[in-house]
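Undergrad: A predicted structure for the sequence below; I have some questions about it.
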Amino acid sequence: MSILINKDTKVIVQGITGRDGAFHSNKMKAYGTNIVGGISPGKGGSEVDGIPVFNTVEEAVNATGANASVIFVPAPFAGDAILEASYAGVELVICITEGVPVKDMIKVTPILKQNGTKLIGANCPGLITVDECLIGILPGMIFKKGNIGLISRSGTLTYEVVNMLSESGLGQTTCVGIGGDSVSGLYFRDLLEMYENDPETKAVVVIGEIGGDAEEQAAQYIKDHMKKPVVAFIAGQSAPPGKRMGHAGAIISSGSGTAEEKIKAFAAAGVPVAKEPGDIPGLLKQKLGIA
Amino acid sequence: MKIHEYQARKLFSKYGIPVPEGEVCRSVDEVKKKISDEDKLRVVKAQVHVGGRGKAGGVKLAKTKAEAIERAEEILGMNIKGLTVEKVLIAEAVDIEKEFYVGLINDRNTKSVVLMASAEGGVEIEEVARVSPEKIIKMPIDPTMGLMDWQARKIALQLFSEPSQVRQAAAILVKLYQLYVDTDCSLAEINPLVLTPDKKVMALDGKMNFDDNALFRQHKILDMREVNEDEAKEIEATAKGLSYIKLEGNIGCMVNGAGLAMATMDMIKLYGGDPDNFLDIGGSSNAKKVVDAMNILLSDKNVEAVMINIFGGITRCDDVARGLVTALDEIKTDIPIVIRLSGTNAKEGLEIIKDYGLPTVSTMSEAAKKAIELSKK
């Protein structure tokens, strides 16, 4: 078991003929991900690394039965790419593209809900179910099979933490980079629920950042619904205030958003917050009763 | 991206949101030329990208033209929170019967634009939000429908009771939302929105921020950009594919990835040091970016030590090392540099820099400790 993806997940790549799309399709395939097709309007009928290319997502889905799509198209077109995948009935869409306008993300949100599409990102490294399926740009070699789930708003910080976990013998089930943009797809809360219901996952690491209140909501969910242990880290504890968005920014996040408030919320839910990333494996072992 | 109040007022006017007459001036001469000889009450306002202008003495009243010139002379060149005032807005002073707050913002929670309004307008709105959040009305807006008339009316009815005032306020809300969406705003505020004694509803001060990710399609907004020195450095960095924010400390940081960059700053603080900056070179392996990043750090006179923290995933450590070596050949420096390379091709990377005699460590906590130690020498 795992969450969201496994060895049976059939993946298509939107923007497969682009530089990043082609490079990472190759990497994902090498990891063992079942890449069944790619999309590049006007290049349908061709192949990239032996992967068939289609003009539209709909054609690709009809021909391959794909149920997940990863998006590498440039930012101005990423919103539309998400919509195309959603209307084609793809269940899980992962948008790697960085720099997508917030307005475009706000526009796609009600459509995703209407079509029942799950979105991860944008501006995220993707996700991995260890030894089964890697979707995105994560470096596969640092992951080790095990029982820890991990959710993160960051990319490289995730790799740093995963590496520490693997080195201390704490392997992972599924690790998800949800992305750092202000408006994005699945949040901590949604994923915590999936981990709580996954029999293979024994504990979860949450790597948050300052800003917004996804961490506070996660803490509330953990407090109310979770039996599995959770350990957290918050990046940006030293960031100066004032780098924020005027009055309205403070108003909307009134009573949340700072590292202090997030740590407090986690503490109230019985979630230890690591002072530095290096403390995470130790805290997990304590929680799991591993010497 | 931020714009000044006078620029926000121009956009308001264009969308039919009433604002008092005003002129923006860069010099006293311009004040003399631009404003009418008529002696009437005017307000002279510093145009800088910070809050709290009033308290800092950047907003003053003038009863006559002569007084307006004097006030402008005092305010132009003034330093407000580290920013020099280069422009003043001289606007007609309006009598106020009541002040309100109206704002639009992108909200992470509802994943929509949220309209906020309060009968407690004026400068202390943040305080209102903290102490009595129930006094702020919030309404999420469906992106497919936009701000519907009934929604605007519902909000306006909570601020005003006279039908004509409700109509005026609702119309302003609808126009503000249209402006917000058309220009890819990330924040738009009217604070205060005022009711005058002759029962007119108008915007007295405005603030607008724009989504940097959308500037590629907002050429007219981009043309309004005016920046100070620190911002110029940050924008220069963005153009080179780097994400840079200048801070107050003395340890320069170069990291790949925003989260790791923040965690690096945190760690420096945790061990008693002070980061000079946030600098994320991004995810790709590009030696040029490393050279550009090193140029920014080593040209900063506050930097007394540099900490390089790279966790190679997609970024390859040997590419970073190549960039670093190029940078060190180009820029001769005495500033000590600590390097931590881990992950993809770390061994190859360390091999490339080994002849440069730079201290290398294997974890980020060691790197932070070493950088702090070197910065104190």
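TA: Ah, there it is. Computed from a predicted structure; not experimentally measured. Numbering: from 1, shown residues only, chains lettered A, B, ... in the order given.
Undergrad: can we go C-alpha only for contacts and neighbour counts from here?
TA: OK.
Undergrad: What segments of the stretch 151-300 of chain B are strands?
TA: B:185-195, B:201-203, B:206-210, B:243-246, B:251-255, B:277-280 (DSSP state E, counting those that start in this stretch).
Undergrad: And the last one, what does it pack against?
TA: Just to be clear, that refers to strand B:277-280. strand B:243-246, strand B:251-255, helix B:258-270 (3 or more C-alpha pairs under 8 Å, 6 or more residues apart in numbering or on different chains; DSSP states H and E).
Undergrad: Output it in PDB, but only the C-alpha positions, please.
TA: The C-alpha coordinates for strand B:277-280 follow below in PDB (Å, rounded to 0.1, in the frame of the first residue of the first chain):
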ATOM      1  CA  ASN B 277      20.600  37.300   2.600                       C
ATOM      2  CA  PHE B 278      18.200  34.800   1.200                       C
ATOM      3  CA  LEU B 279      19.600  33.500  -2.100                       C
ATOM      4  CA  ASP B 280      18.100  30.600  -4.000                       C
END
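Undergrad: thinking again about what came up before, let me know which of the helices and strands packed on strand B:277-280 is the nearest to chain A.
TA: Distance to chain A, taken as C-alpha to the nearest C-alpha, is lowest for helix B:258-270 among these, at 4.4 Å.
Undergrad: ok, residues contacting that closest one?
TA: A:153-157, A:209, A:235-239, A:276-277, B:253-255, B:274-275, B:278-280, B:282, B:309, B:364-365, B:368-369, B:372 (C-alpha atoms under 8 Å, 6 or more residues apart in numbering or on different chains).
Undergrad: let's see it at 6 Å
TA: With contact meaning C-alpha atoms under 6 Å, 6 or more residues apart in numbering or on different chains, helix B:258-270 is reached by A:S154, A:T156, A:L157, A:A235, A:G236, A:Q237, A:S238, B:V255, B:P275, B:D280, B:A368.
Undergrad: most surrounded residue in those residues?
TA: Most neighbours among the contacts of helix B:258-270, by other C-alpha atoms under 10 Å in any protein chain shown: B:A368, with 32 neighbours.
Undergrad: quick one, what contacts it?
TA: Going by C-alpha under 6 Å, 6+ apart, the list of residues near B:A368 reads B:I268.
Undergrad: Okay, and it sits in which element?
TA: helix B:364-375 (DSSP states H and E).
Undergrad: cool, B:V320 as well?
TA: helix B:317-330.
Undergrad: Could you tell me the average pLDDT over that helix, please?
TA: Helix B:317-330 shows a mean pLDDT of 90.
Undergrad: Same question for stretch B:140-150.
TA: Mean per-residue pLDDT for stretch B:140-150: 96.
Undergrad: Can you get me a residue count around the closest residue to A:G171 other than its chain neighbours?
TA: Excluding its sequence neighbours, the residue lying closest to A:G171 (C-alpha to C-alpha, 6 or more residues apart in numbering or on different chains) is A:G146, at 3.6 Å. As a burial measure, A:G146 scores 18 neighbours (other C-alpha under 10 Å).
Undergrad: Could you list the low-confidence segments of chain A?
TA: Low-confidence segments of chain A, defined by pLDDT under 70: A:240-256, A:291.
Undergrad: With the stretch 51-200 of chain B instead?
TA: B:122-123.
Undergrad: What residues does it have near chain A?
TA: Residues of the stretch 51-200 of chain B found near chain A (C-alpha under 6 Å from any C-alpha of the partner chain) are B:R108, B:K111, B:S112, B:E126, B:A129, B:R130, B:P143.
Undergrad: Enumerate the residues of the stretch 1-150 of chain A near chain B.
TA: A:G99, A:P101, A:I106, A:K107, A:P139.
Undergrad: Quick check: the two most widely separated of those residues?
TA: Farthest-apart pair in the residues of the stretch 1-150 of chain A next to chain B is A:K107 and A:P139; separation 31.5 Å (C-alpha to C-alpha).
Undergrad: Tell me the one among the residues of the stretch 1-150 of chain A next to chain B nearest to B:V44.
TA: A:P101 (35.7 Å).
Undergrad: Would you confirm that that closest one contacts B:A214?
TA: Yes. Under the criterion of C-alpha atoms under 6 Å, A:P101 makes contact with B:A214 at 5.0 Å.
Undergrad: Compare these two (neighbour count), which wins?
TA: Between A:P101 and B:A214, counting by other C-alpha under 10 Å, A:P101 is the more crowded of the two (25 against 22).
Undergrad: Could you pull up the contacting residues of the more buried one?
TA: B:N213, B:A214.
Undergrad: how much space between it and A:K118?
TA: Note on A:P101: its distance to A:K118, by C-alpha to C-alpha, to the nearest Å, is 19 Å.
Undergrad: for B:K81, same thing?
TA: B:K81 sits at a distance of 45 Å from A:K118 (criterion: C-alpha to C-alpha).
Undergrad: do B:N209 as well
TA: Noted for B:N209: a distance of 30 Å to A:K118, by C-alpha to C-alpha.
Undergrad: So for the two, which sits in the more crowded spot?
TA: For B:N209 versus A:K118, neighbours defined as other C-alpha under 10 Å are more numerous around B:N209 (21 against 17).
Undergrad: need the contact list for the more buried one.
TA: Residues in contact with B:N209, defined by C-alpha under 6 Å, 6+ apart, are B:M1, B:K2, B:C185, B:S186, B:L187.
Undergrad: Got the confidence number for B:D280?
TA: The model's pLDDT for B:D280 equals 89.
Undergrad: Tell me the bridge partners for it.
TA: Assessed by DSSP bridges, B:D280 has beta-bridge partners B:S243, B:V255.
Undergrad: residues in contact with it?
TA: Going by C-alpha under 6 Å, 6+ apart, the list of residues near B:D280 reads B:L242, B:S243, B:V255, B:N256, B:G257, B:A258.
Undergrad: Could you save those residues as JSON lines and add columns showing pLDDT?
TA: Formatted as JSON lines, those follow (pLDDT from 0 to 100):
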{"residue": "B:L242", "pLDDT": "86"}
{"residue": "B:S243", "pLDDT": "84"}
{"residue": "B:V255", "pLDDT": "93"}
{"residue": "B:N256", "pLDDT": "90"}
{"residue": "B:G257", "pLDDT": "86"}
{"residue": "B:A258", "pLDDT": "85"}
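Undergrad: Check the offset of stretch A:75-94 from the chain's centre.
TA: Distance, stretch centre to chain centre, for stretch A:75-94: 16 Å (C-alpha atoms, centre = their mean, to the nearest Å).
Undergrad: For that stretch, could you pull out the residues that count as buried?
TA: A:75-76, A:78-94 (16 or more other C-alpha atoms under 10 Å in any protein chain shown).
Undergrad: Kindly report the same for stretch B:292-305.
TA: Result for stretch B:292-305 [16+ other C-alpha under 10 Å]: buried residues B:D292, B:A293, B:M294, B:I296, B:L297, B:L298, B:V303, B:E304, B:A305.
Undergrad: before we move on, what about stretch A:130-150?
TA: Those would be A:130-140, A:142-150, for stretch A:130-150 by 16+ other C-alpha under 10 Å.
Undergrad: Then stretch B:143-152?
TA: Across stretch B:143-152, burial judged by 16+ other C-alpha under 10 Å covers B:P143, B:L147, B:Q151, B:A152.
Undergrad: Any chance of JSON lines for those residues, columns distance to B:T196?
TA: Shown next, in JSON lines, are the buried residues of stretch B:143-152 (distance: C-alpha to C-alpha, whole Å):
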{"residue": "B:P143", "distance to B:T196": "33"}
{"residue": "B:L147", "distance to B:T196": "26"}
{"residue": "B:Q151", "distance to B:T196": "24"}
{"residue": "B:A152", "distance to B:T196": "20"}
